[in-house]
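>>> A structural model of the following input is requested.
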Amino acid sequence: MSQSRLRRAVVALTALPLLALGAGQALAVPATPPAAPAPPAAASQVTAIEDGIARTLATSLTDPALRERLRTATAAAPGGAELAPLAAGAPGLAAATARADRGIAAAKGLGAGLGPLLRVQLADPSMRAALDAGTAPLVAVAATDDHARTVRAYDTAGRALGLDTGTLPTRPVYLVDIDTAKALTAGIELLQREFAAQGLGSGAQAASGWWGTKITSVEVNDDEEPWFKGAAEMFSLVTGFGLDGKVRVDSVAMPYLQYDGTVYYPNQILVNWSNYKYNLADVVLMEDDGDTNYLALAKAVAAVLLTIADQGAYIPLVNAVLDALPASWWVDDPDYVDSWYTLARTSTGRLNGARGNGWMTVEPYWVSQL
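Numbers count the residues shown, from 1 in each chain. Next up, the predicted model:
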């Protein structure tokens, strides 16, 4: 997670009314701190796991050696330090972290071989001075509810404190997070494997090369990711009919597309037309809020698209993809951002999304073999 993302992830947290006791001393928590928000009734597995690790890490920070390792590691890697090696010297935390890494991978449908996913970082660089001076930190997980007004944080005694989503805290806060870029890459690979296994990914590349559609610039107005949740993790599902006449789905990672209101210039190939029977395809842009189960997503989409037969002409597939998403995914996991119907091999210039939430400029691009 970049420093910019960290600032966005915690600019929403409110400082507790703490009393400074002097340089090098911890800040005292009021006798009656704000009540911590109760976990959502339908809290996701990933969120629940992260919350548990946040509390375990907080109580483990009574160990001066661990606190120093964490302080040093987050200073050296402000974008996020892997938690597993930091926890190695604290047996209870190490075991809990290993279980949590496996649990998160399983909850996202990614299997046990992905390796460590949990990271920890200081919420904002401005907190470094207080941390270096010995102020006892809090540990929190960025809120997963787009409309959350409070987030849960834990002190070293394991007490849950409620932090409002309005102002940057004056007390240092560590954020527990997952390596979303690593998870997204693995998720896209899983989607493609699963789509192919379901018969939605057949195709044959032309011998001399192939035509593609290249994104030269792209912007979204609302990335469905509120500022206190950090940067978005986006991907596209490109759909059309394969050379065998069956529906084809290609998943395309777009990790650069992190913030709304920002124009990106990726020069990324979006469609490989040699894999498609017709010269038209559809694009659905989605955002992973962190809890996405990629295997479940692939199965849900495949279950609907496999019922659609080639009728000898191009059929738009955006609605079929959207209809395949469980109702809960429209709430927070993953979010539908925008869609583009009837993208053609010859499409050039600016294309506005059907939802009016984004645009991209594209151009045909010939990819030749070496």
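>>> tell me which residues in the helix or strand hosting Thr47 are buried?
Take DSSP states H and E as the rule and Thr47 turns out to sit in helix 45-60. By neighbour count on 16 or more other CB atoms under 10 Å, the buried set for helix 45-60 is 46-60. Just so you know, the C-beta spots here come from the backbone N, C-alpha and C atoms, and that holds for glycine as well.
>>> from the residues you listed, pick the one nearest Lys277.
For the buried residues of helix 45-60, the closest approach to Lys277 (CB to CB) belongs to Val46, at 38.0 Å.
>>> so what touches the helix holding Thr47?
Helix 45-60 is contacted from outside by 39-40, 43, 66, 83, 87, 90, 92-93, 96-97, 100, 103-104, 107-108, 118, 120, 137-141, 144, 152-158, 160, 174, 176-178, 290-291, using CB atoms under 8 Å, 6 or more residues apart in numbering.
>>> go again using 7 Å as the cut-off
39, 66, 90, 92-93, 96-97, 100, 103-104, 107-108, 118, 120, 138-141, 144, 152, 154-156, 158, 176, 290-291 (CB atoms under 7 Å, 6 or more residues apart in numbering).
>>> which positions within whichever helix or strand comes after that helix qualify as buried?
As assigned by DSSP H and E, the chain's next helix or strand after helix 45-60 is helix 64-76. By neighbour count on 16+ other CB under 10 Å, the buried set for helix 64-76 is Leu66, Arg67, Arg69, Leu70, Arg71, Ala73, Thr74.
>>> for the residues you listed, give me JSON lines that also has distance to Ser251 and pLDDT.
Output for the buried residues of helix 64-76, formatted as JSON lines (distance: CB to CB, whole Å; pLDDT from 0 to 100):
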{"residue": "Leu66", "distance to Ser251": "39", "pLDDT": "95"}
{"residue": "Arg67", "distance to Ser251": "41", "pLDDT": "94"}
{"residue": "Arg69", "distance to Ser251": "38", "pLDDT": "94"}
{"residue": "Leu70", "distance to Ser251": "36", "pLDDT": "94"}
{"residue": "Arg71", "distance to Ser251": "39", "pLDDT": "94"}
{"residue": "Ala73", "distance to Ser251": "33", "pLDDT": "93"}
{"residue": "Thr74", "distance to Ser251": "33", "pLDDT": "90"}
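>>> check which helices and strands the helix or strand where Leu86 lies sits against.
Assigned by DSSP H and E, Leu86 belongs to helix 83-87. Judged by 3 or more CB pairs under 7 Å, 6 or more residues apart in numbering; DSSP states H and E, helix 83-87 is in contact with helix 64-76, helix 91-107, strand 118-122.
>>> mean confidence score for it?
Mean pLDDT, helix 83-87: 94.
>>> likewise stretch 117-132?
For stretch 117-132, the per-residue pLDDT averages 88.
>>> same deal with stretch 197-216?
Rounded mean pLDDT across stretch 197-216 is 78.
>>> picking that back up, how about the buried residues of helix 64-76 in JSON lines, adding distance to Gly113?
Output for those, formatted as JSON lines (distance: CB to CB, whole Å):
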{"residue": "Leu66", "distance to Gly113": "28"}
{"residue": "Arg67", "distance to Gly113": "32"}
{"residue": "Arg69", "distance to Gly113": "27"}
{"residue": "Leu70", "distance to Gly113": "27"}
{"residue": "Arg71", "distance to Gly113": "32"}
{"residue": "Ala73", "distance to Gly113": "25"}
{"residue": "Thr74", "distance to Gly113": "27"}
